[in-house]
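Undergrad: structure for this input, please:
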Amino acid sequence: MDAAWLAERIGEPSARGIATVLTDLIREGTVTADTRLPTVRALARELRVSSGTVAEAWSELRRHGMIRTDRRRGTVVLGPPDVPRPIRYERIGHFGDRLAIDLAIASPDPALLPPLEAALSAAAHADRLNDYTRETITPRLRAAVEPDWPFPAQGWLAVGGGYEGVQLLCQTAALPGDRIAIEEPTAARLLDILETIGVQIVPVACDEDGPLPGALAKALRARPVAFVYQPRGQSPCGHAVTPERSAELAALLEPTATLIVEDDGIGALSVSPTVSMGARFPDRTVLVRSYSKSHGPDLRIAVVGGAAEAVERVRVLRSFGTGWTSRILQDALAHLLDDPGTRAGVERARAAYAGRRARLAAELSARGVRTGGRDGLVLWVPVRDEPAALVTLAAHGISAAPGSRYVIGPVPAHHLRLATARLTDDPGELAELADVIALAATGSLGAPP
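TA: Sure thing, here's the model as predicted:
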């Protein structure tokens, strides 16, 4: 495509104006797939704008799947705009019927989830059912969650799962192009969410005690509008933030205005206590606690509690759509949280999950594969070669998640993420599974990667 030809059709030489005109040309078929666009510099020169303005327009078009840039061909049109897709989350792989063991999806064991019949029956008699009043959180659910909240929350909201809570907080805190700091590696869906919002992701490296102070200090120099991290049960690495580490991170955040988003993805199933910055920064800390893995995915409930302004922004944004979370589901969760039998069952589940994770980690360690981490429903396994390890596991009927899915940039080291919640409790079967994982990780039995 000739730069002068395109420039003639652009009336408003802003990033939005450039993107809008090119979108219209692609939609109407004037510009077809595989058309190579002019260089950023060439179009900027014709429009008499900065290269950054054109680059911003290209970034917007790329985010909506209309163009792609590679070194060999330059920037090429792909086609009309498409719905943004959670690429990392959907990149699981399909191996037909050969796979007998699924270690890719970190879902809870149905046998360890509480029954819902009594809870739903009790919730069906909740007050104000079928009332269109938009209730952020039912009084019964707030009364059930508030005693265990790690700091006095200024605002409360029930949402449709933990990822929705984090997404809405980031979406209401950041404009496209803003920066958000997030620990790395981190949950694949969080990366998908941030890329879809259109923010710049600033990675913060971690160790077994959580985000590294030096890495956060470097990230804060980019002036992110928010810092998102998992204080315990971190996916994929399984670390838990210690009080000492939390104090170090809080000292760095003290002089900033950065919103602090704490993602408690497994809640009561974590073997670590919640360490929160909410008591120190009540006006800019929000905790998102999910109850899907502990009390049932079909409840689709997470509670957002913390800074009043941040929670209110989420409430306002939700009013364009669902408006509020079903009172039946909210009170069903409240019933489960108040029920002594359910609480005992969740404690048993926590112990069972911790035992399964620890036993596989011990088996792998005995074979020269050291995983690290101390909490969560997954293991972060170092491997010599990620694609080869995945193929080896698939050949033995085992699926796993590639570690590259959980990082932002180039992979510094190869890993697999293995879900441990549904592992076998049979020692012999577990030993056989560990043999195969060690073979995939090292290329031989017993040799460290």
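Undergrad: next, the buried residues of stretch 408-424.
TA: Buried positions in stretch 408-424, judged by neighbour count with 16 or more other C-beta atoms under 10 Å: 414, 415, 416, 417, 418, 419, 420, 421, 422, 423. (Glycine included, C-beta is placed from N, CA and C.)
Undergrad: determine which two of these are furthest apart.
TA: Maximum pairwise distance among these (C-beta to C-beta): 24.4 Å, between 414 and 422.
Undergrad: how many residues are close by residue 23?
TA: When neighbours are counted by other C-beta atoms under 10 Å, residue 23 registers 18.
Undergrad: got the contact list for it?
TA: Shown in contact with residue 23 (C-beta atoms under 8 Å, 6 or more residues apart in numbering): 61, 64, 66, 81.
Undergrad: hmm, 10 Å instead?
TA: Each residue near residue 23 by C-beta atoms under 10 Å, 6 or more residues apart in numbering is listed here: 31, 57, 60, 61, 64, 66, 80, 81.
Undergrad: longest helix anywhere in the chain?
TA: Longest helix in the chain, counting residues (DSSP state H): helix 340-366.
Undergrad: what comes up buried for that helix?
TA: Residues of helix 340-366 classed as buried by neighbour count (16+ other C-beta under 10 Å): 342, 345-346, 349-350, 352-354, 356-357, 359-361, 363-364.
Undergrad: other SSEs contacting that helix?
TA: Contact partners of helix 340-366 among helices and strands, from 3 or more C-beta pairs under 10 Å, 6 or more residues apart in numbering; DSSP states H and E: helix 117-123, helix 292-295, helix 327-338, strand 378-382, strand 415-419, helix 427-442.
Undergrad: ok, which of these comes nearest residue 72?
TA: Between the helices and strands packed on helix 340-366, strand 415-419 lies closest to residue 72; by C-beta to C-beta that is 29.5 Å.
Undergrad: between the closest one and strand 378-382, how many degrees?
TA: 160 degrees (axes from the mean of the first three to the mean of the last three C-alpha atoms, to 10 degrees).
Undergrad: strand 415-419: partners in the sheet, and parallel or antiparallel?
TA: Using DSSP bridges, strand 415-419 pairs in its sheet with strand 378-382 (antiparallel), strand 401-402 (antiparallel).
Undergrad: the strands in the stretch 201-350 of the chain, which residues?
TA: Remark: strands assigned in the stretch 201-350 of the chain by DSSP state E, counting those that start in this stretch are 210-211, 226-229, 259-264, 285-290, 302-306.
Undergrad: could I get those strands as a markdown table with mean pLDDT and mean neighbour count?
TA: Putting the strands of the stretch 201-350 of the chain into a markdown table (pLDDT from 0 to 100; neighbours: other C-beta atoms under 10 Å) gives the following:
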| stretch | mean pLDDT | mean neighbour count |
| --- | --- | --- |
| strand 210-211 | 97 | 27 |
| strand 226-229 | 98 | 25 |
| strand 259-264 | 98 | 26 |
| strand 285-290 | 98 | 26 |
| strand 302-306 | 98 | 28 |
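Undergrad: now those in CSV, with distance to residue 172?
TA: Output for the strands of the stretch 201-350 of the chain, formatted as CSV (distance: least, C-beta to C-beta, whole Å):
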stretch, distance to residue 172
strand 210-211, 23
strand 226-229, 10
strand 259-264, 9
strand 285-290, 11
strand 302-306, 11
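Undergrad: which one of the ones you listed lies closest to residue 176?
TA: strand 226-229 (14.0 Å).
Undergrad: tell me which element residue 76 falls in.
TA: Per DSSP states H and E: residue 76 is located in strand 74-77.
Undergrad: put the alpha carbons of that strand into CSV.
TA: Extracted in CSV, the C-alpha atoms of strand 74-77 (Å, rounded to 0.1, in the frame of the first residue of the first chain):
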residue,chain,number,x,y,z
GLY,A,74,6.6,-5.9,7.6
THR,A,75,3.1,-5.0,8.8
VAL,A,76,0.4,-7.1,6.9
VAL,A,77,-3.4,-6.9,7.0
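Undergrad: contact partners of it?
TA: 1, 22, 25-26, 31-40, 58, 61-62, 66-70.
Undergrad: show me just the buried residues among the residues you listed.
TA: Of those, these count as buried by 16+ other C-beta under 10 Å: 1, 22, 25, 26, 31, 37, 38, 40, 58, 61, 66, 67.
Undergrad: could you measure from the residue nearest to the second one when sequence neighbours are not counted over to residue 29?
TA: Meaning residue 22. Leaving aside its sequence neighbours, residue 22 sits nearest to residue 61 (C-beta to C-beta, 6 or more residues apart in numbering; 6.3 Å). Separation of residue 61 from residue 29 (C-beta to C-beta, to the nearest Å): 16 Å.
Undergrad: got it, and residue 366?
TA: Going from residue 366 to residue 29 by C-beta to C-beta gives 62 Å.
Undergrad: if we can go back for a sec, save the buried residues of stretch 408-424 as CSV, and put in pLDDT and distance to residue 213 too.
TA: As requested, the buried residues of stretch 408-424 are exported to CSV (pLDDT from 0 to 100; distance: C-beta to C-beta, whole Å):
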residue, pLDDT, distance to residue 213
414, 94, 26
415, 96, 23
416, 96, 28
417, 96, 25
418, 97, 29
419, 96, 30
420, 97, 29
421, 96, 31
422, 95, 36
423, 96, 34
